[in-house]
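Novice: Predicted model, plus sequence, below.
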Amino acid sequence: MEPPLDLSEDDRAAIENKHIVMFEYVGTAFLVYISVCAKGNTYDVALGYFGCLLLFARLTGGHFNPAISLCMALAGAITPKTLMVYIVPQFFGAFSGGGLAYLFLQMKFAPYVEDEPIKQLAASLFGELLGSTIFFVFFLIQFVKETSITQNRLLGLFLIASIFFACREYTITSSSSLLNPAAALSLVFFDCLATGWNQLINLWIFLAGPIVGAFVATIFYSQLYHQVKNK
């Protein structure tokens, strides 16, 4: 929904920010909630993500993930001020979705890696980093207008959801990871309430992987893909 054309720039920006706050909150909450319902089934999680994109991508860009918003800011697609408008409701939405799953589904399903040998921890971190980087690169390519693979909205959203599915299916070691630091923090918190605070072990993997992946993806996109595309 576009703001009326006769509004001032400040009024238009205020309306757009309200849309971002409202729908990034709802979309992130739904994505986290559906990930618990799916019990790690990648098809169901990807389908839920596709549904979120269909409903809200035209209004907010369909981030639902602080690491994706960070990518967009680093790539210059959104301003640092707008980045905060995205991130705050995403964290609140993640905790709302996790809280609803905890209260009503009586389920716990959080990304978790036990205290394992360093090689296995490194493999888990690498999986998060690789999956996040690939997913974020394709997100940048499709959602930055100058480099979009397709201008067909439905096809573009399906492409992003498919890449999300592939990254979850083939790169990560925890079936409940969403490549999303807000979702990981929320799900682990409520998992701790249910089972004990030892679930915090190696939470850093699911926070660091997507955040570092955001920087790597932006470097790849900006220095390689974007330059080649615009020659």
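Specialist: Thanks, I have the structure now. Numbering: from 1, shown residues only.
Novice: Tell me who's in contact with the nearest residue to Ala73 once chain neighbours are set aside.
Specialist: Spatial nearest neighbour of Ala73, excluding adjacent residues (C-beta to C-beta, 6 or more residues apart in numbering): Leu83 at 4.2 Å. Every C-beta, even on glycine, is put in place using the N, C-alpha and C of the backbone. Leu83 makes contact with 69-70, 72-73, according to C-beta atoms under 8 Å, 6 or more residues apart in numbering.
Novice: By neighbours, which of the residues you listed wins?
Specialist: Ser69 (26 neighbours; other C-beta atoms under 10 Å).
Novice: you'd agree it is up against Met84?
Specialist: No: applying C-beta atoms under 8 Å as the test, Ser69 and Met84 come out as separate, 9.1 Å apart.
Novice: Which helix or strand in this protein has the lowest average pLDDT?
Specialist: helix 226-229 (a mean of 57; mean pLDDT, DSSP states H and E).
Novice: Show the model's pLDDT score for Phe109.
Specialist: You'll see Phe109 listed with a pLDDT of 64.
Novice: Same check on the one 5 residues further on?
Specialist: You'll see Glu114 listed with a pLDDT of 59.
Novice: again with the one 3 residues further on
Specialist: In the predicted model, Pro117 carries a pLDDT score of 63.
Novice: just the one 3 residues further on next, same as before
Specialist: According to the predicted model, the pLDDT of Gln120 comes to 76.
Novice: can you give me how far the helix or strand where it lies is from the chain middle?
Specialist: Using DSSP states H and E, Gln120 maps to helix 118-143. Put simply, helix 118-143 sits 12 Å off its chain's centre (C-alpha atoms, centre = their mean, to the nearest Å).
Novice: Show me what it packs onto, helices and strands only.
Specialist: The contact analysis (3 or more C-beta pairs under 8 Å, 6 or more residues apart in numbering; DSSP states H and E) places helix 118-143 against helix 66-74, helix 153-170, helix 203-220.
Novice: got the buried residues for it?
Specialist: Within helix 118-143, the residues that count as buried by 16 or more other C-beta atoms under 10 Å are 121, 124-125, 127-143.
Novice: Find the residue closest to Ala182 in space, skipping its chain neighbours.
Specialist: Using C-beta to C-beta, 6+ apart, the closest residue to Ala182 is Ala94 (3.9 Å).
Novice: With just CA atoms, put the helix or strand where that neighbour lies into PDB.
Specialist: When elements are assigned from DSSP H and E, Ala94 belongs to helix 80-100. Extracted C-alpha coordinates of helix 80-100, given in PDB (Å, rounded to 0.1, in the frame of the first residue of the first chain):
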ATOM      1  CA  PRO A  80      21.000   3.400   9.500                       C
ATOM      2  CA  LYS A  81      17.900   5.100  11.000                       C
ATOM      3  CA  THR A  82      15.600   2.800   9.100                       C
ATOM      4  CA  LEU A  83      17.600  -0.200  10.100                       C
ATOM      5  CA  MET A  84      16.600   0.500  13.800                       C
ATOM      6  CA  VAL A  85      13.000   0.800  12.700                       C
ATOM      7  CA  TYR A  86      13.300  -2.800  11.300                       C
ATOM      8  CA  ILE A  87      15.400  -4.400  14.100                       C
ATOM      9  CA  VAL A  88      13.400  -3.400  17.100                       C
ATOM     10  CA  PRO A  89      10.000  -4.900  16.000                       C
ATOM     11  CA  GLN A  90      11.800  -8.000  14.700                       C
ATOM     12  CA  PHE A  91      13.200  -8.800  18.100                       C
ATOM     13  CA  PHE A  92       9.800  -8.100  19.800                       C
ATOM     14  CA  GLY A  93       8.100 -10.100  17.100                       C
ATOM     15  CA  ALA A  94      10.500 -13.000  17.600                       C
ATOM     16  CA  PHE A  95       9.900 -13.100  21.400                       C
ATOM     17  CA  SER A  96       6.100 -12.800  20.900                       C
ATOM     18  CA  GLY A  97       6.100 -15.700  18.500                       C
ATOM     19  CA  GLY A  98       8.300 -17.800  20.800                       C
ATOM     20  CA  GLY A  99       6.200 -16.900  23.800                       C
ATOM     21  CA  LEU A 100       3.000 -17.900  22.100                       C
END
